[in-house]
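Student: quick one: sequence and predicted model below, then my questions.
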Amino acid sequence: MPVYGSLATLGFFASLGLPGLCGFIGEFWVLIATFSANFTWAKPMAVIAASGVVLTAGYILWMLQRVYLGKQREEHVDFSEATAREVFILTPFAVLAIALGVLPYQTLFQFMNGTLENITKLLAMS
C-alpha cells in the first residue's frame, strides 16, 4: 500500500512536529515561549514538554515501523491500495500539512493577526 502508507506517513510526521510540516511551528513557538517566560515553573514545564516531544517521536516512529515497514502478514495480503476516493480525501490534508509548515504566515498567521490584536487589547483593558 505505497500510496496510502505515504500519505499516512506524511500525516504522522506532521503530527510529530517535523520541520517543514504543520506541527513544527506550533511546537516550536510553544517551547520558545515557555523557555523565555519569567515564571519559576516555566523552565521545568518546558523540559517536560520537550521530553514529551521526544517520547511522541519515538512512539510514532515505532508505530510506523510496525504498521507500514514490517513483514507483510498473510491475513493482510488481500488488502487493496488506496482508492481514488481515499486519495482525493487525503491529498488536501497532505497539501495543507506542507503549506502550513512551509508558509505559516501566508496560510494562517496573517488571518489571525487582527483577532489576536483585539484579544490583546481586551486583556490589556481588564
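Tutor: Arrived safely. Numbers count the residues shown, from 1 in each chain.

Student: drop to CA atoms for contacts and neighbour counts, all remaining ones
Tutor: Fine.

Student: let me know the distance separating Leu10 from Ala124.
Tutor: Leu10 sits at a distance of 40 Å from Ala124 (criterion: CA to CA, to the nearest Å).

Student: okay, those two: which has more neighbours?
Tutor: Neighbour totals were compared for Leu10 and Ala124, and Leu10 leads with 19 against 8 (other CA atoms under 10 Å).

Student: which SSE is that one in?
Tutor: Assigned by DSSP states H and E, Leu10 belongs to helix 2-16.

Student: so for that helix, mean pLDDT?
Tutor: The predicted model assigns helix 2-16 a mean pLDDT of 90.

Student: who does that helix touch, helix- and strand-wise?
Tutor: Using 3 or more CA pairs under 8 Å, 6 or more residues apart in numbering; DSSP states H and E as the contact test, the elements touching helix 2-16 are helix 22-36, helix 42-68, helix 84-102.

Student: now those in JSON lines, with mean neighbour count, mean pLDDT and distance to Ala14?
Tutor: Putting the helices and strands packed on helix 2-16 into JSON lines (neighbours: other CA atoms under 10 Å; pLDDT from 0 to 100; distance: least, CA to CA, whole Å) gives the following:
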{"stretch": "helix 22-36", "mean neighbour count": "16", "mean pLDDT": "85", "distance to Ala14": "5"}
{"stretch": "helix 42-68", "mean neighbour count": "14", "mean pLDDT": "88", "distance to Ala14": "11"}
{"stretch": "helix 84-102", "mean neighbour count": "15", "mean pLDDT": "93", "distance to Ala14": "6"}
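
Student: can you put those in CSV and add distance to Val77?
Tutor: CSV is the format used below for the helices and strands packed on helix 2-16 (distance: least, CA to CA, whole Å):
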stretch, distance to Val77
helix 22-36, 33
helix 42-68, 13
helix 84-102, 19
